[in-house]
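**Q** Structure for the following, please:
(2 chains)
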Amino acid sequence: MKPRHRKLALIVLVVAALGVAVALVLNAFNSNLVFFFSPTQVANGEAPTGRAFRIGGLVEAGSVRREADGLTTRFVVTDTARSIPVAYTGILPDLFKEGKGVVAEGRLGTDGLFDATQVLAKHDENYMPPEAASAIEQAQKAQQTIVE
Amino acid sequence: MNLYHYASPSTFYPWAGKLIPWFAALALILAAAGLYIGFFVAPTDFQQGEGYRIIFIHVPAAWMSMFIYVVMAFWSAIGLAFNTRQSFVMARALAPTGAMFTFVALWTGALWGKPMWGAWWVWDARLTSELILLFLYVGVMALQAAIDDPRRADRAGALLNLVGVINVPVIYFSVKWWNTLHQGASVSLTRAPSMAQTMLWGMLIMALAAWMYTIAVALARARTLTLERERQSEWVRARLEGQP
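**A** Numbers count the residues shown, from 1 in each chain, chains lettered A, B, ... in the order given. Prediction:
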């Protein structure tokens, strides 16, 4: 083994060791790196109690209700297994829609209502023109009628 | 073919000079084509409307910001192991462009985030690790500028590059490992892309343009650094005497 090859091997080894160290640290901090908790995690008691945290999931279809004051919105965040009712007063982002991803920050009340101070829309990785989107929608509807 | 031949500054200098116009021209043509597709050909998105067009800048910039760092780390490792001066020159030449792309990715992301998410900035894993990348780029440039002896500066910077490269897979996989506000990858090597054809083409052409631009700019910067470092050598003097 030439000295320069030994040096290169040493560099690769040190970087690999550092990588393992970083992986272990990140793994240890896993719960702090999570941006939001799913309703199932909240139900299992994994979310912090007594301080604000974020919940994330889909806005349940048909759950969005606007209060008479015009600013307060009530909706249900679901991960299809569990769901949490949310109340929020303020302006919602453009991409906030039923059936789409959402992240809400706030506190969970004792009555099980999540009092949100901020609502963010979580966008998915699908990019397509409106025609394609409606085509997919129609195909899904057709599928459902066949199943029914 | 002897690789060490190309590693010699006196060979690199004229050779890089010949390549730069080609890469610059390719960058210009590809960027024009990519922007045309991005703004006039690609369809409107079904959810985001016209706002999604930020991806034609944002995604190529983000890809380049990560890729340039890996290339920088590669040259740093080669330089440390084989003691080739030109490797350090390449690593140094790439840093400002990488920092620029990182900044562009963060900035365009913020502009997109406000209307779409409802926030300019959130501390999720993807955004935070990309911000750390910007600090790494700025840090390595500052470190190298702070040390007067170029050889010591090269080695210190190379070490920082190698340590920092661990951040790159963290950025890339952050959307998979943790739940983040940032969406997952629309384009990956393992499955079909989840976006319309013309959108994808516009984005890939812009990414190619970013590559060509990076090569042209990095070679130009490396040439300047080479001249500066080799100013005592015979070939630089001969070259400079030939010019008025």
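**Q** secondary structure element for the spatially most central residue of chain A?
**A** Geometric centre of chain A, nearest residue: A:Gly56, 3.8 Å, by Cα atoms, centre = their mean. A:Gly56 belongs to strand A:53-59 when elements are defined using DSSP states H and E.
**Q** Summarise which helices and strands that strand is packed against.
**A** Strand A:53-59 sits against helix A:39-43, strand A:72-78, strand A:83-89, strand A:101-108, with contacts defined as 3 or more Cβ pairs under 8 Å, 6 or more residues apart in numbering or on different chains; DSSP states H and E. Every residue, glycine included, has its C-beta placed from N, CA and C.
**Q** go again using 7 Å as the cut-off
**A** helix A:39-43, strand A:72-78, strand A:101-108 (3 or more Cβ pairs under 7 Å, 6 or more residues apart in numbering or on different chains; DSSP states H and E).
**Q** check whether the shortest one contacts chain B.
**A** No - under the criterion of Cβ under 7 Å from any Cβ of the partner chain, helix A:39-43 makes no contact with chain B; the nearest approach is 9.7 Å.
**Q** how many neighbours does residue 105 have?
**A** Unless you meant another one, I'm taking chain A. For A:Glu105, the count of nearby residues is 20 (other Cβ atoms under 10 Å in any protein chain shown).
**Q** wait, chain B
**A** The burial count for B:Ala105: 24, using other Cβ under 10 Å.
**Q** Repeat that for B:Leu162.
**A** Neighbour tally, B:Leu162, other Cβ under 10 Å: 20.
**Q** pLDDT score assigned to it?
**A** In this model, B:Leu162 is scored at 93, pLDDT.
**Q** How about B:Leu3?
**A** 67.
**Q** what's the following helix or strand after the lowest-mean-pLDDT helix or strand in chain B?
**A** One helix or strand of chain B scores below all others by mean pLDDT, DSSP states H and E: helix B:3-7, with a mean of 71. For helix B:3-7, the following helix or strand on the C-terminal side (DSSP H and E) is helix B:9-36.
**Q** and the top helix by length along chain A, which residues are buried?
**A** Secondary structure of chain A per DSSP state H: the longest helix is helix A:3-28. Along helix A:3-28, these residues count as buried under the neighbour rule (16 or more other Cβ atoms under 10 Å in any protein chain shown): A:7-8, A:11, A:26.
**Q** before we move on, what about stretch B:148-155?
**A** For stretch B:148-155, by 16+ other Cβ under 10 Å, it's B:150, B:153-155.
**Q** Over to stretch B:111-127?
**A** The neighbour-count check on stretch B:111-127 (16+ other Cβ under 10 Å) flags B:112-113, B:116-119, B:122, B:124-127 as buried.
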